[in-house]
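Pasting the sequence and the predicted model now:
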There are 2 protein chains.
Amino acid sequence: MTAPDRNVVIIGGGFAGIHAARGLARSPVRITLIDRRNHHLFQPMLYQVATAGLSPSDIASPIRSILRRQHNAEVVLGEVESVDAAGRTVILTDGTTVPYHYLVVASGARHSYFDRPEWESLAPGLKSIDDALEIRRRVLLAFESAEREDDPLARQAWLTFVIIGGGPTGVEVAGALAELRSFALRRDFRRIDPREATIILVEGGPEILPSYPAHLAAGAKRQLRRLGVDVKCETFVTAITDTSVSAGGWTIPTRTIVWAAGNETSPMLSTIGAEQDRQGRILVKADTTIPGHPEIYVVGDAAAFRQEDRTLPGLAPVAMQMGRHVARAIVADLEGRERPSFHYRDKGQLAVIGRGHAIADLGRLRFQGFLAWAIWAFVHIFFLIGFRNRFMVMFQWAWQYFTYQSGARLITGVRRDRWKS
Amino acid sequence: MTAPDRNVVIIGGGFAGIHAARGLARSPVRITLIDRRNHHLFQPMLYQVATAGLSPSDIASPIRSILRRQHNAEVVLGEVESVDAAGRTVILTDGTTVPYHYLVVASGARHSYFDRPEWESLAPGLKSIDDALEIRRRVLLAFESAEREDDPLARQAWLTFVIIGGGPTGVEVAGALAELRSFALRRDFRRIDPREATIILVEGGPEILPSYPAHLAAGAKRQLRRLGVDVKCETFVTAITDTSVSAGGWTIPTRTIVWAAGNETSPMLSTIGAEQDRQGRILVKADTTIPGHPEIYVVGDAAAFRQEDRTLPGLAPVAMQMGRHVARAIVADLEGRERPSFHYRDKGQLAVIGRGHAIADLGRLRFQGFLAWAIWAFVHIFFLIGFRNRFMVMFQWAWQYFTYQSGARLITGVRRDRWKS
């Protein structure tokens, strides 16, 4: 190559962004990866942080250390304000401009509150470490408040947990909460019995886990009920206050609500000027670029990619494959070859419903129970380890001592408190 | 025993409070332990969280799970407003009243900003998990900001870290920061070299680590200098702004300041009506009670206990021994025996200055270097393991699966962010 290196700017350090960056490791490009947070997150395990099973640093890793050895990549901690597609420039909120030859938009998605933004503070969603810590704080404080509450009705409201949304996140949170209350917290309190806590999963559609075959979804529902989760389908939430949820004619007194319904993309995407669907995803072509801009790729949860008459769902494997595709397409371009089209190879999906139970939809193999859970655990632990996370304290210490690494370098927001004065 | 059980109320779940509660496990008393936070903290390792070496859940454990099997103990998450010593009642900020027969005040200490409360937000101290996460956030963001800063002077200010206070906490933070910059962060950035960061330790007294023998303190200073820490003794801080520290005639442009100087106790202590010293510690008698109130024990950092012409320092071993002493004294009382006096058995002290180097003052044995560090590591890892913290992810998973425990149940404050809209 004698041509000067090309600038590839990647917005977002999630699965899509990281895989795009890694795929370009040996290419003659200069990569700039921009993210608002300093860490990449293993999102499929985030519900474990929200339900106090894992620590943030078990499932998150600084983007800088992931790309440390990739010398053609630079990481910028910053927030994108807009994209000037005509001028081929990304503008950050602090005014910095970053010119690009290729742009990879991998900015992900957040939960959507549809037209009820006021629900957000009452029913936090679960997309970031900060979200997960907020939910963990609320859940644990609810048990503490119940322990101190003398009024039985007020106590019951503290011990009622409502999860809105019956997709994989809602199901996993409900299952993990059910186990938290039945096992980990069981002997911690003196006045309340955490096992008496009520957990309600509310889903607007006819069934939970609509992306799974019906018999697996039904099995998941049975398993949730076995764990003591009350599953209400075809139930739409009509009102949320700080002491109740109204849904399907019910009014449920509760102090802890988790939102796991609906997605929306970043408002920044609209500055690109491409067509977006109702959830704000950008409609992309077969090579995941946008019409009229072969230099702009949109991937992961930010993209609406049609394949076999459906829009690909916002799953980690889709994002990873799209990220790797972008790297291949850019390399093809640089080498003067024709760009490949993207095709998602569905290796199946897994959802966990509590300890030792999962459902697996692996193409022709569809089953549930302990074996599905064991596969889930294997796949996820395998990923987490590849991620270089977590050792026993002694191992961690020895590791740090001999490799000079430290595991917990995550920037998360905190609130400080001090003596009242 | 035929007498009705006595109420023992313990304020604070630190080393003193937990050891008092545990010491009463087999006594015919009802224990109520009140703490503002839901977790007990292994404070000697807190600097490791602030410098991104360990995660919060590595060094903190829910008080409820520590006392889970102790059926005569109840835990209340709450903040004490005042003590009504005449009425033998503790009043919480929410109005709850808790009557006691014996009161154990183990409310600890915070950093004191002397008469400059406005310095607190500019130079956070290091006493709680939230403090540590705030410092970690500031330190890591300072490197990020330096990476993005084009102006060389502004960049240098981001890369300058000032630690105020040359006691063990200040020394340990300075040493750990020096290693963070030299090793863990070394290859993470493209525009800055973290090794160029300046770390300055400011101490008002003639030497750092005044509680150690002079030759060990001098050795610690040499070791800090070897790590590239600039140690300034006999230097008093006169002004702090958000961009500089003024001390001993110097003006140091810096964006990151850590406060490790001076202690003060909770304002709540003054409601007890006992004599307090300049730091707010309550002057206690030989049995650690206060004059006129043989039912009120004050222990740990909240107490000023005179022994051999000095006031015992605020160290973990002092707090543990005082907590165990209180339990023995209450048992003696209940059994009609004479109460023992408290005597601190000094087993020595250890301070770490970076990887592989510590100073040890173990009575007649006084030495420094790798062996001192190895002893430090052994002692601390031994404590942490006793604390049942941390396993490799797989071990943790297996453990959780078979024991139904979960490790990360800590309530820490968080700030949430979302798309700007």
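Sure thing, it's come through. Numbering: from 1, shown residues only, chains lettered A, B, ... in the order given.

Pretty sure A:M322 sits against A:A303.
Yes. Judged on C-beta atoms under 8 Å, A:M322 makes contact with A:A303 at a distance of 6.9 Å. For every residue, glycine as well, the C-beta is placed using N, CA and C.

Residues that sit against both of these two, list them.
Residues touching both A:M322 and A:A303 (C-beta atoms under 8 Å, 6 or more residues apart in numbering or on different chains): A:T288.

Okay, now the unreliable bits of the stretch 151-300 of chain A?
Counting by pLDDT under 70, the stretch 151-300 of chain A shows no low-confidence range.

Residue of it closest to chain B, please.
Using C-beta to the nearest C-beta, the single residue of the stretch 151-300 of chain A nearest to chain B is A:F183, 3.5 Å away.

For that residue, the count of nearby residues, please.
When neighbours are counted by other C-beta atoms under 10 Å in any protein chain shown, A:F183 registers 18.

pretty sure it is in a helix, no?
Yes. Assessed with DSSP: H, G, I helix; E, B strand; the rest coil, A:F183 lies in a helix.

I'd like to know how far it sits from A:E207.
Distance from A:F183 to A:E207, counting by C-beta to C-beta, to the nearest Å: 28 Å.

just the CA coordinates of stretch A:215-222, formatted as PDB?
Provided in PDB are the C-alpha atoms of stretch A:215-222 (Å, rounded to 0.1, in the frame of the first residue of the first chain):
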ATOM      1  CA  HIS A 215     -43.400 -24.500  23.300                       C
ATOM      2  CA  LEU A 216     -40.100 -23.100  24.700                       C
ATOM      3  CA  ALA A 217     -41.700 -19.800  25.600                       C
ATOM      4  CA  ALA A 218     -44.500 -21.800  27.400                       C
ATOM      5  CA  GLY A 219     -41.800 -23.800  29.200                       C
ATOM      6  CA  ALA A 220     -40.100 -20.700  30.300                       C
ATOM      7  CA  LYS A 221     -43.400 -19.400  31.700                       C
ATOM      8  CA  ARG A 222     -43.900 -22.600  33.600                       C
END
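
Quick check: buried residues in that stretch?
A:L216, A:A217, A:A218, A:G219, A:A220, A:K221 (16 or more other C-beta atoms under 10 Å in any protein chain shown).

of the residues you listed, closest to A:I192?
The closest of the buried residues of stretch A:215-222 to A:I192 turns out to be A:K221 (C-beta to C-beta; 27.6 Å).

can you tell me which helix or strand the closest one belongs to?
helix A:214-226 (DSSP states H and E).

picking that back up, between the buried residues of stretch A:215-222, which sits nearest A:I381?
A:A220 (21.6 Å).

what sits against the closest one?
A:V171, A:I208, A:L209, A:Y212, A:A351, A:I353, A:I359, A:Q368.

Let's see which of those residues end up in strands.
A:A351, A:I359, A:Q368 (DSSP state E).

right, and the second one touches A:I353 too?
If I follow you right, that is A:I359. Yes. Contact criterion C-beta under 8 Å: A:I359 and A:I353 qualify, at 7.1 Å.

All the helices of the stretch 251-400 of chain A, residue numbers only.
Here the stretch 251-400 of chain A has its helices, by DSSP state H, counting those that start in this stretch, at A:316-334, A:370-386, A:393-403.

Hey, what's the angle from the longest one to helix A:370-386? Just curious.
Per axes from the mean of the first three to the mean of the last three C-alpha atoms, to 10 degrees, the angle that helix A:316-334 makes with helix A:370-386 is 50 degrees.

buried residues in helix A:316-334?
For helix A:316-334, the neighbour count (16+ other C-beta under 10 Å) marks A:316-331, A:333-334 as buried.

mean confidence score for that helix?
Confidence for helix A:316-334, expressed as mean pLDDT, is 96.

now stretch A:21-35
pLDDT averaged over stretch A:21-35 gives 96.

Give me the residues contacting that stretch.
Contacts with stretch A:21-35, where a contact means C-beta under 8 Å, 6+ apart, come from A:1, A:3, A:5-13, A:17-18, A:63, A:67, A:70, A:72-78, A:80, A:90, A:92, A:98, A:100, A:102, A:323-324, A:326-328, A:330-331, A:334.

Now which of the residues you listed would you call buried?
A:6-13, A:17-18, A:63, A:67, A:70, A:72-78, A:80, A:90, A:92, A:98, A:100, A:102, A:323-324, A:326-328, A:330-331, A:334.

now the helices for the stretch 51-200 of chain A?
So, for the stretch 51-200 of chain A - with DSSP H, counting those that start in this stretch - the helices run A:56-59, A:63-66, A:129-148, A:152-158, A:168-179.

for the fourth one, packing partners?
In terms of contacts (3 or more C-beta pairs under 8 Å, 6 or more residues apart in numbering or on different chains; DSSP states H and E), helix A:152-158 is packed against helix A:129-148, strand A:250-253.

go on, the second one?
Secondary structure elements in contact with helix A:63-66, counted by 3+ C-beta pairs under 8 Å, 6+ apart, are strand A:39-41.

Sheet partners, orientation included, of the strand it packs on?
Strand pairing for strand A:39-41, using DSSP bridges, gives strand A:60-62 (antiparallel).

from the middle of its chain, how far away would the strand it pairs with be?
Taking C-alpha atoms, centre = their mean, to the nearest Å, one finds strand A:60-62 lying 14 Å from the centre of the chain it belongs to.

Looking at the helices and strands packed on helix A:152-158, which one is packed in the most?
For the helices and strands packed on helix A:152-158, the largest average neighbour count (mean count of other C-beta atoms under 10 Å in any protein chain shown) is found in helix A:129-148, namely a mean of 22.
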